[in-house]
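Enquirer: Below are the sequence and a predicted model; questions follow.
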Amino acid sequence: MILFEIKNQVATLTLNRPEKYHSFIREMALDLQEKLEICKNDNNIRAIVITGTGKAFCAGQDLGEATDPDGPELQKIVNEHYNPIIRQIRNIEKPIIAAVNGVAAGAGASIALCCDIVIAKESAVFVQAFSKIGLVPDSGATYFLPRLIGFQKASALMMNADPISATEAERLGMIYKVVEESKFEDEIKSFSEKLAKMPTKGIGLTKKLLNQSINNSLEKQLNEEEIAQTIAGKTNDYKEGVSAFLEKRKPNFKGN
């Protein structure tokens, strides 16, 4: 259910349940967790892309599974399916791009917005769809969305379940970039491959600092930056970056 490809040190994880708009069932959630764990541990992978086949990114939870008397209860779905995915995405010290190729609804929108960078097609739509069925936003939505666009906007989108176009999402600061349909695949390829050639250890430390900054005081964050900078300064990529700068050439980072 998750297509997996590694090319030019970029791992692409493609949700592949098109008949259900890539809505999650347990098997698919556990498969994504497994693939993310591979990405974490494979040093040859230096950037990760999460996307979907066809016209949808992810429609969230498959309600057929959620309402099946013999299926997992909501608590188990949240605790064992989605929360581990969100933690993995935030804790993998490599850049993760959500390539939103279509509708991202419910937990699908949450997964996209927790990624480091979101690039969307012009036709993509984001929907906090939970209130339509009497549920609350999960998968980190109430954590990430207010920090991205502010409390008022997040409250309205979650309570009204208003669909937001990719263009509006970019304007609000919800996502990084909107790309024309015809240029989307090339943009994702060039952007992810560029990140894969960057100093991966430094990128990972930057991601860690951004995670910490959400709750830290300024003083605590300054201390964390000092620790991270000390670590970064001991990497081979730092030495290569300085050498390339002094020699006026393009650096060849190895990710360590």
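Expert: Done, it's in.
Enquirer: how about the strands in the stretch 151-256 of the chain?
Expert: For the stretch 151-256 of the chain, the strands defined by DSSP state E, counting those that start in this stretch occupy 164-165, 177-179.
Enquirer: can I get the ones you listed in a markdown table with mean neighbour count?
Expert: Backbone N, C-alpha and C define where each C-beta goes, glycine included. Formatted as a markdown table, the strands of the stretch 151-256 of the chain follow (neighbours: other C-beta atoms under 10 Å):
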| stretch | mean neighbour count |
| --- | --- |
| strand 164-165 | 18 |
| strand 177-179 | 18 |
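Enquirer: Turn the ones you listed into TSV, columns for distance to A66 and mean pLDDT.
Expert: Shown next, in TSV, are these (distance: least, C-beta to C-beta, whole Å; pLDDT from 0 to 100):
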stretch	distance to A66	mean pLDDT
strand 164-165	24	96
strand 177-179	31	97
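Enquirer: Pipe these into JSON lines and attach distance to N101 per row.
Expert: Converted to JSON lines, those look like this (distance: least, C-beta to C-beta, whole Å):
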{"stretch": "strand 164-165", "distance to N101": "14"}
{"stretch": "strand 177-179", "distance to N101": "10"}
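Enquirer: M28 is nearest to which of those?
Expert: Judged by C-beta to C-beta, the one of the strands of the stretch 151-256 of the chain that comes nearest to M28 is strand 164-165, at 24.8 Å.
Enquirer: Show me what the closest one is packed up against.
Expert: Contact analysis of strand 164-165 by 3 or more C-beta pairs under 8 Å, 6 or more residues apart in numbering; DSSP states H and E lists strand 125-127 as its packing neighbours.
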